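S.K.: coords below, sequence missing:
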């Protein structure tokens, strides 16, 4: 109900105050319920991040993965070369 009605109010807090009295709870109780709902539906790591921050984090993770892949590729080449250099039994 709060999420649907939020667009009718200038702020989430004003919506909370108006709706809380209609459903028979305190505004603070409704705010806590709303906060809990948001935390359950949106992963904590994404909450509060701007798009720029999220893009920056994803780019960093991408660089790390590329570095890890390069290390694995070099290790595979090293072990393949070592395997070729061994005499066959």
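M.R.: Nice, thanks for sending it over. Every value quoted in this text rests on a predicted model; they were computed, and no experiment measured them.
S.K.: distance of residue 80 from residue 11?
M.R.: Note on residue 80: its distance to residue 11, by C-beta to C-beta, to the nearest Å, is 62 Å. For glycine as for every other residue, the C-beta is placed from the backbone atoms N, C-alpha and C.
S.K.: any low-confidence regions in this protein?
M.R.: Within the chain, the ranges that satisfy pLDDT under 70 run 43-49, 86-89.
S.K.: give me that answer again for 90
M.R.: When residues are selected by pLDDT under 90, those of the chain lie in 1-9, 11-12, 21-23, 35-58, 77-89.
S.K.: domain map for the protein?
M.R.: Following automatic domain parsing, one gets these domains for the chain: 1-41, 48-89.
S.K.: just say which of these is most tucked in.
M.R.: Most buried of these by mean neighbour count (mean count of other C-beta atoms under 10 Å) is domain 1-41; its value is a mean of 13.
S.K.: now that one, how far from the centre of its chain.
M.R.: 23 Å (C-alpha atoms, centre = their mean, to the nearest Å).
S.K.: between the two ends of that domain, how far is it?
M.R.: 16 Å (C-alpha to C-alpha, to the nearest Å).
S.K.: tell me how far residue 22 lies from residue 3.
M.R.: According to C-beta to C-beta, residue 22 stands 15 Å off from residue 3.
S.K.: next: residue 37.
M.R.: With distances taken as C-beta to C-beta, residue 37 is found 8 Å from residue 3.
S.K.: where along the chain do the helices fall?
M.R.: 2-5, 12-23, 27-41, 51-85 (DSSP state H).
S.K.: for residue 11, phi and psi?
M.R.: As for residue 11, its main-chain torsions (degrees, to the nearest 10) stand at phi -150, psi 160.
S.K.: what residues are up against it?
M.R.: Going by C-beta atoms under 8 Å, 6 or more residues apart in numbering, residue 11 touches no other residue.
S.K.: quick one: stretch 73-89 to chain centroid distance?
M.R.: The chain centroid and the centroid of stretch 73-89 are separated by 41 Å, computed with C-alpha atoms, centre = their mean.
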